[in-house]
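**Student:** Quick one, fold the following:
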Amino acid sequence: MQQKETKTNSLFNNFVDLSLPITAEIPVSWPTHHNFEQSQYRSFAKGDNYQTNYIVMDEHCGTHCDAPAHFIREEDYKGSYYWGDVLPLDLMQGPLIKIDVKRLQSVNKDGISPTIEVDFIKAWEIENQSIKKGDIVVFNTGWDLYLNENSLYHKYAEGPIIAKDEPGWPVPTIETLDYLFAKGVVCYGIDTPSMGASDGGETLHRHALAKSLIFVEGLANLDSVTTVGYHFMFLPLKLVRATGCPGRAIALGVRDL
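**Tutor:** So this is what the prediction gives:
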């Protein structure tokens, strides 16, 4: 989903939108969840002197973050921020570390996700730089490109999740998340419907959310940013007692003028 970059005279002068457009015409909701709906409430065509719409949507629609409440019962949660509206905003911003995992994509049309192993991350660090505390690690699969054309929509979610006639997207293993968490990484992003596997992501989510890790899922346009050098920021809607929150993800960089 290509977006134009904008410039401004500030500390950052290169802004890249990493968010999916939310519309009923694009399958940006989990296939078994409520689809996005937008309906007209007041309009000039109806004789009103202003216009406004109302929407119905799943909390995990489009670009969104997961809160522990998504998979952890409240009585079992030992952390300090259970619902989406109390997730610390400072944890969802920091140096962007983009790890390209496109070469891990499976060719088998079985709905099974290939895995991002610890050794893959270690090899990336040797080639690029060590991952540090506070970094935002984002996995670039290129999956959002399936939403550029109607004929490819099936490959984004319905095919790998429901029909099982398309490959699943690459996902980190629990060991990989533990390796990164030990380095001080608490926020992770991915440009797919979920950080979990298309063939079953509950175990990964429960393991991570119990540790208060934050997943930002449904990212887009990651090919528009460099491997390092950008600052990531995600601002979720403040939905009270939400299991997850849609929001806007951006990358902020500096470009020579």
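
**Student:** Residue 120: neighbour count?
**Tutor:** Applying other CB atoms under 10 Å, we find 17 other residues in the vicinity of residue 120. Every C-beta, even on glycine, is put in place using the N, C-alpha and C of the backbone.

**Student:** for residue 100, same thing?
**Tutor:** Around residue 100 sit 15 other residues, with neighbours defined as other CB under 10 Å.

**Student:** can you check residue 169 too?
**Tutor:** Under the criterion other CB under 10 Å, the count of neighbours that residue 169 has is 29.

**Student:** give me phi/psi at the nearest residue to it once chain neighbours are set aside?
**Tutor:** The shortest distance from residue 169 to any residue other than its chain neighbours is 4.1 Å, reached at residue 192 (CB to CB, 6 or more residues apart in numbering). Per-residue torsions, residue 192: phi -130, psi 170 (degrees, to the nearest 10).

**Student:** so what's residue 192 up against?
**Tutor:** With contact set as CB atoms under 8 Å, 6 or more residues apart in numbering, residue 192 has these partners: 141, 143-144, 169, 171, 217-218.

**Student:** Swap in 10 Å and give it another go.
**Tutor:** Listed by CB atoms under 10 Å, 6 or more residues apart in numbering, the contact partners of residue 192 are 113, 139, 141-144, 146, 156-157, 160, 168-171, 198, 217-219.

**Student:** Could you do residue 127 as well?
**Tutor:** Applying CB under 10 Å, 6+ apart as the definition, the contact partners of residue 127 turn out to be residue 227.

**Student:** Quick check: the gap between it and residue 99.
**Tutor:** 11 Å (CB to CB, to the nearest Å).

**Student:** repeat for residue 252
**Tutor:** For residue 252, the distance to residue 99 equals 19 Å [CB to CB].

**Student:** Let me see the ranges of the helices in the chain.
**Tutor:** 118-127, 153-156, 174-182, 202-210 (DSSP state H).

**Student:** could the ones you listed be laid out in TSV, adding mean pLDDT?
**Tutor:** Supplementary listing: the helices of the chain in TSV, determined by pLDDT from 0 to 100:
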stretch	mean pLDDT
helix 118-127	98
helix 153-156	97
helix 174-182	98
helix 202-210	98
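
**Student:** who wins for proximity to residue 69 among those?
**Tutor:** Proximity to residue 69, assessed across the helices of the chain by CB to CB, is greatest for helix 202-210 (8.4 Å).

**Student:** report the angle between the axes of the closest one and helix 174-182?
**Tutor:** Interaxial angle, helix 202-210 versus helix 174-182 (axes from the mean of the first three to the mean of the last three CA atoms, to 10 degrees): 10 degrees.
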